[in-house]
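Engineer: model the structure of this input:
(one chain, ligands or ions: 1)
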Amino acid sequence: MATIAPATLPGEIASAIVNPVAYGQWSELKDKFRWARDNMPVALVQAEGYMPFWAVTRHEDILAISKDNARFLNAPKSVVLSPVAVQMLTHMITGGSPHLVSSLVTMDAPEHMDYRKLTQSWFMPKNLANIEARVREIARSSINAMIATGGTCDFVREVSALYPLHVVMQILGVPDADEPLMLKLTQEMFGGEDPDLNRARSVELTPEQISQLVVDAVRDFESYFMAMAADRRTHPRDDVASVIANATIDGEPISDRNAAGYYIIVAAAGHDTTSASTAGAMWALADDPEQFARIKADRSLLPGLIEEAIRWTTPVQHFMRTAAEDCEIAGQAIAKDDWLMLCYVSGNYDERVFDSPDRFDAARGPNRHVAFGAGVHQCLGLHLARMEMRILFEELLDRVESVELAGTPQRASSTFVGGPKTLPIRFVAR
Ligand code: HEM
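Structural biologist: Sure thing, here's the model as predicted:
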């Protein structure tokens with residue numbers, strides 16, 4: 001195919017793609033992505049304060065890049081969109097690395113697979129079956145807390161923000177008393193852009209102030225997990241923290257920075273994301289009582305509900321890649337070292353793959369969403385996320401007769417991990 005002249009996205013669309021607030025205005029944002037898919041599926045984004053990058057908006061191209069791990073790398077540049085000012089600060093703090101935290105998502109082959117293998121079996125269905133009973137207990141007490149509100153609550157605050165956190169903390173081995181701290185740090189790390197979630201609770205923040213919030217959260221995470229690693233080296237237990245603390249690669253213990261990064265990615269990636277898709281599922285059910293009744297009556301629809309909620313919510317809204325060589329995507333010439341954004345939101349609403357993508361349809365099949373990514377970095381926790389959601393909704397459907405929206409839900413202002421930050425519901429419990 002012949003290469004076409006570089007396409008540059010119109011300013012209005014480019015500025016929305018980099019603007020956290022735009023991700024809270026979901027339906028307008030989806031319209032902009034639709035325009036990009038139809039007119040410039042691989043297009044340059046030139047936005048003030050950001051290095052230029054390519055927005056990849058079609059499902060097909062997102063998938064192809066995600067699977068081509070030799071040509072599209074994670075290590076050379078930030079894997080999350082960040083302003084130039086933040087990138088400079090990161091370089092300064094880390095002494096030259098583009099990544100504040102070193103973790104699986106910032107590594108390429110062969111290092112990436114060495115590290116991924118350390119915990120991969122923990123997150124496989126066979127091992128997860130061993131923790132299913134414990135997860136169900138946590139789910140049951142979450143539903144009890146919801147029912148104790150008496151029939152009206154903010155589902156995010158009462159249930160979805162806390163439940164996946166409890167689960168992942170159990171897996172890591174973090175004591176119950178420290179969970180509020182982990183929740184706060186994760187929200188600050190991922191939600192630094194949202195005034196309701198960030199540390200300073202201030203509306204007007206400069207990119208430098210936002211990045212300082214994130215840096216502080218990462219520091220607190222690191223010091224917490226360093227202490228935990230020291231403890232698990234002397235007193236190993238049956239938890240993921242012990243696996244990481246005592247891990248060796250080629251006979252050498254992994255560095256403190258890499259161990260801390262591993263805890264952080266599991267702790268952080270493991271709950272805000274699943275909180276978002278859990279809330280997304282509840283939102284869709286509260287908005288469509290008939291669908292709720294159908295699924296309540298026929299539990300075989302549950303896996304479809306979960307998959308559709310993950311697509312519909314798209315908790316991880318993008319990841320970035322860096323081109324390892326000159327190449328071409330959808331006829332567009334990409335140069336070595338170019339920075340690309342995999343726009344998962346757009347891919348998951350691509351009408352070339354999904355009929356009526358705005359419609360929430362638990363019976364949608366096949367549901368080939370890209371919310372978990374693809375290729376060697378495909379989400380390590382995808383089986384866990386699905387299991388957590390299945391168990392929570394099994395418990396909920398057993399106890400709740402009906403549910404409806406009691407206000408307008410709001411999505412968080414964040415370019416990276418997003419989803420409902422408030423979900424007012426009214427319900428009738430048994
Ligand atoms: C609905 C919930 C979740 C969503 C939507 C989600 C999404 C993602 C995405 C998009 C990626 C990057 C994939 C790529 O680059 O191709 C990823 C990676 C990752 N996720 Fe998840 N995730 C979820 C839940 C979890 C959970 C529960 C864990 C718990 C441990 C987890 C741990 C990770 C880790 C460790 C990685 C890095 C994998 C690697 O780079 O090899 N995630 N996730």
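
Engineer: spatially nearest residue to Ala293 (excluding sequence neighbours)?
Structural biologist: Ser402 (7.6 Å; Cβ to Cβ, 6 or more residues apart in numbering). All C-beta atoms are positioned from the backbone trio N, CA, C, and that covers glycine.

Engineer: and the one you found, that's in a strand?
Structural biologist: Yes. Ser402 forms part of a strand when assessed by DSSP: H, G, I helix; E, B strand; the rest coil.

Engineer: buried ones in the helix or strand where Thr278 lies, by neighbour count?
Structural biologist: Per DSSP states H and E, Thr278 falls inside helix 272-287. Neighbour counts over helix 272-287 (16 or more other Cβ atoms under 10 Å) mark 272-286 as buried.

Engineer: do the same with stretch 21-38
Structural biologist: 22-26, 29-30, 32-34, 36-37.

Engineer: re earlier: out of the buried residues of helix 272-287, who's near the ligand?
Structural biologist: The subset of the buried residues of helix 272-287 within reach of the ligand, by Cβ under 6 Å from any ligand atom, is 273-274, 277.

Engineer: follow-up on the earlier one: tell me what the helix holding Thr278 is packed against?
Structural biologist: helix 155, helix 163-172, helix 179-190, helix 289-297, helix 302-313, helix 382-399, strand 400-405, strand 420-422 (3 or more Cβ pairs under 8 Å, 6 or more residues apart in numbering; DSSP states H and E).

Engineer: contact residues of the stretch 151-300 of the chain facing the ligand?
Structural biologist: Contact residues (Cβ under 6 Å from any ligand atom) of the stretch 151-300 of the chain with the ligand: 168, 265-266, 269-270, 273-274, 277.

Engineer: switch to 8 Å and redo it
Structural biologist: 164, 167-168, 171, 265-266, 269-271, 273-274, 276-277 (Cβ under 8 Å from any ligand atom).

Engineer: quick one: buried residues of stretch 331-338?
Structural biologist: Neighbour-count burial for stretch 331-338 flags 332, 334, 338 (criterion: 16+ other Cβ under 10 Å).

Engineer: which among those residues gets closest to Asp176?
Structural biologist: Nearest to Asp176 among the buried residues of stretch 331-338: Asp338, at 45.8 Å, using Cβ to Cβ.

Engineer: quick check: which ranges of this protein have low pLDDT?
Structural biologist: 1-4, 190-204, 207 (pLDDT under 70).

Engineer: which stretches of it form strands?
Structural biologist: Ranges of strands in the chain, per DSSP state E, are 42-45, 53-56, 72-73, 152-154, 248-249, 252-253, 318-323, 327-329, 332-334, 339-343, 400-405, 410-411, 420-422, 424-429.

Engineer: out of the ones you listed, the one nearest Leu302 is which?
Structural biologist: Go through those one by one with Cβ to Cβ and the one that ends up closest to Leu302 is strand 400-405, at 14.0 Å.

Engineer: buried residues, the closest one. List them.
Structural biologist: For strand 400-405, by 16+ other Cβ under 10 Å, it's 400, 403, 405.

Engineer: give me whichever of the strands of the chain is most buried.
Structural biologist: strand 53-56 (a mean of 26; mean count of other Cβ atoms under 10 Å).

Engineer: ok, back up a step: can I get the buried residues of stretch 21-38 in a markdown table with distance to the ligand?
Structural biologist: Below are the buried residues of stretch 21-38 laid out as a markdown table (distance: Cβ to the nearest ligand atom, whole Å):
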| residue | distance to the ligand |
| --- | --- |
| Ala22 | 19 |
| Tyr23 | 15 |
| Gly24 | 18 |
| Gln25 | 21 |
| Trp26 | 16 |
| Leu29 | 17 |
| Lys30 | 17 |
| Lys32 | 21 |
| Phe33 | 16 |
| Arg34 | 21 |
| Ala36 | 19 |
| Arg37 | 19 |
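
Engineer: can you tell me which two in the residues you listed are farthest apart?
Structural biologist: Going by Cβ to Cβ, the pair spanning those furthest: Gly24 and Arg37, at 21.2 Å.

Engineer: spell out which parts of the stretch 1-150 of the chain neighbour the ligand.
Structural biologist: 66, 74, 79, 103-105, 107, 112, 116, 119, 123.

Engineer: could you pull out the helices in the stretch 1-150 of the chain for me?
Structural biologist: Secondary structure of the stretch 1-150 of the chain by DSSP state H, counting those that start in this stretch: the helices cover 11-17, 20-24, 26-39, 59-67, 84-94, 111-120, 125-148.

Engineer: most tightly packed of those helices?
Structural biologist: Buried most deeply of the helices of the stretch 1-150 of the chain, by mean count of other Cβ under 10 Å, is helix 59-67, with a mean of 21.
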